[in-house]
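S.K.: have a look; sequence and predicted model below, questions after that.
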Amino acid sequence: MNFEELILKRQSDRQYDTSRPVEDEKLNKCIEAARLAPSACNAQPWKFIALRDPEIRAKVGQCAASMGMNKFCLDAPMLVVLVLEKPNLTSKIGSVLKNKEYTLIDVGITAAHFCLQATELGLGSCIVGWFDEKKIRKLLGIPSSKRIPLLICAGYPASPQRPKIRKDLEKIYSTDKY
């Protein structure tokens, strides 16, 4: 598919075919696409943890499905935990000088690369930001000094593609002035 088709097809999927696991080859391609994502000063401040063990995946899924949110994480055939790593010195200095969290921007870009590759491979995905970070760190042995900004659910979609509902172009775009 071309890029326009890919953008139109990519959506946040919240229902997965639980009988179809994500093949290692497809997971590896998604990780490789994420690895190649650009980052401020080439810091690459991320680490991906793919959860293959059903018991661990269920426990982490439960951390995301708290308070009635993200129940679909319990059924996702693949969960990937995105850990924020320390940036390199130039990215860190730039973040301080410009008062911008470049590492969080970088994590968003790499997550988008992962999800776009997943879509191209016929997988559905959903980026999740609501979860019990402390419990996940403990479950996976992630040091308490590390942050987990995002989880990514992935699998074969079990629901049809939805029409995209977006703001009108005039509401999000202007030329030469606000």
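M.R.: Sure thing, it's come through. Residues are numbered from 1 along each chain as shown.
S.K.: tell me which strands the lengthiest strand in the chain pairs with, and in which orientation.
M.R.: Assignment by DSSP state E gives strand 147-155 as the longest strand of the chain. On the basis of DSSP bridges, the sheet neighbours of strand 147-155 come out as strand 78-84 (antiparallel), strand 124-128 (antiparallel).
S.K.: how about these in JSON lines, adding distance to residue 63, mean neighbour count and mean pLDDT?
M.R.: Glycine gets a C-beta too; all of them are placed from N, C-alpha and C. Formatted as JSON lines, the strands paired with strand 147-155 follow (distance: least, Cβ to Cβ, whole Å; neighbours: other Cβ atoms under 10 Å; pLDDT from 0 to 100):
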{"stretch": "strand 78-84", "distance to residue 63": "10", "mean neighbour count": "22", "mean pLDDT": "98"}
{"stretch": "strand 124-128", "distance to residue 63": "10", "mean neighbour count": "23", "mean pLDDT": "98"}
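S.K.: okay, those in JSON lines with distance to residue 178 next?
M.R.: Formatted as JSON lines, the strands paired with strand 147-155 follow (distance: least, Cβ to Cβ, whole Å):
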{"stretch": "strand 78-84", "distance to residue 178": "32"}
{"stretch": "strand 124-128", "distance to residue 178": "28"}
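S.K.: quick one: closest of the ones you listed to residue 23.
M.R.: strand 78-84 (9.9 Å; Cβ to Cβ).
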